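Student: Could you look at this predicted model? Sequence included:
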Amino acid sequence: MELNLETDYADRSYTILASLVTPRPIALVTTISVDGKINAAPFSFFNLLGANPPICAFAPGDRDNGTPKDTALNIRSGHEFVVNLVDEKIAEAMNQCAASLPFGENELVRAGLTAAPSSIVKPPRILESPASLECVEWGTLQIGKNRVVIGLIKRLHVRDELFDAEKKRIHTDKLFTIGRMASPDWYCRTRDRFEMKRPK
């Protein structure tokens, strides 16, 4: 089966791709508006892109009426954001942050999450998140109707029990992030794992 996403299936590309390229990590992004209002929104079009320097990217879409979402507006004005990872403990709270609220209404309050001060950026991190990445916008690419925000990761906050300070490694056996599966409502846990040694 060959699907032409430029013609026959152009109007279905999101649904098809979002249900096919899985699981995807979830970025619960916190930003702050020019007047100091906190915004939190989840994005699954997200991943790391490199480590030297450390960079990540996510793609905040537009509202149905074509205007940019609050996250994109806040990054455009402030050039800073925090990517908060989502594990099983905060999965439902993350989902609450996906609701369309009026501009300036704090999703963290609605979701029962706690804003904690970041070290070098203005937007807060989420205290309950297993890890938070403080980012400064490197640039935003506009590709058609896609907006791709690329961030330089300046600081990393990790739950104490997740970091082995002696070996300088993450205890991956204690990190239970969730992943985004088929659109619109499916997710997965990451407890079922297997090891496959890379050939030499």
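Tutor: Structure's in. What do you need?
Student: residue closest to the middle of the chain?
Tutor: Ala27 (1.3 Å; Cα atoms, centre = their mean).
Student: so what pLDDT did that residue get?
Tutor: With respect to pLDDT, Ala27 scores 98.
Student: ok, and the closest non-adjacent residue to it?
Tutor: Phe46 (3.9 Å; Cβ to Cβ, 6 or more residues apart in numbering). Yep, even glycine has a C-beta here, placed from its N, CA and C like the rest.
Student: How many residues are close by the one you found?
Tutor: Applying other Cβ atoms under 10 Å, we find 21 residues neighbouring Phe46.
Student: is it true that it touches Ala57?
Tutor: Yes. With contact defined as Cβ atoms under 8 Å, Phe46 counts as touching Ala57 (7.1 Å).
Student: Just checking: what are the partner strands of the one helix or strand Asn39 maps to?
Tutor: Using DSSP states H and E, Asn39 falls within strand 38-43. Paired with strand 38-43 in the same sheet, following DSSP bridges, are strand 27-32 (antiparallel).
Student: all helices of this protein, in order?
Tutor: Here the chain has its helices, by DSSP state H, at 13-20, 70-78, 91-96, 107-111.
Student: mind listing what the spatially closest residue to Lys69 that is not a sequence neighbour touches?
Tutor: The spatial neighbour of Lys69 that comes closest, neighbours along the chain excluded (Cβ to Cβ, 6+ apart), is Pro60 at 5.3 Å. When contacts are counted by Cβ atoms under 8 Å, 6 or more residues apart in numbering, Pro60 is found next to 29, 41, 43, 68-69, 71-72, 75, 147, 149.
Student: With Ser100 instead?
Tutor: Arg63.
Student: What confidence value was assigned to it?
Tutor: So, for Ser100, pLDDT stands at 86.
Student: Gly61 now?
Tutor: Looking at Gly61, its pLDDT stands at 87.
Student: Now it. Nearest residue, chain neighbours left out?
Tutor: Lys69 (6.7 Å).
Student: Could you do Glu80 as well?
Tutor: Nearest-residue entry for Glu80: Val121, 4.0 Å, with adjacent residues in sequence omitted and distances by Cβ to Cβ, 6+ apart.
Student: likewise Ser129?
Tutor: Asn84 (3.8 Å).
Student: what's the burial count for the residue nearest to Gly61?
Tutor: Neighbour tally, Lys69, other Cβ under 10 Å: 18.
Student: didn't it look like it was pressed against Ala41?
Tutor: Yes. The pair Lys69 and Ala41 passes the contact test of Cβ under 8 Å, sitting 6.7 Å apart.
Student: Thank you, goodbye.
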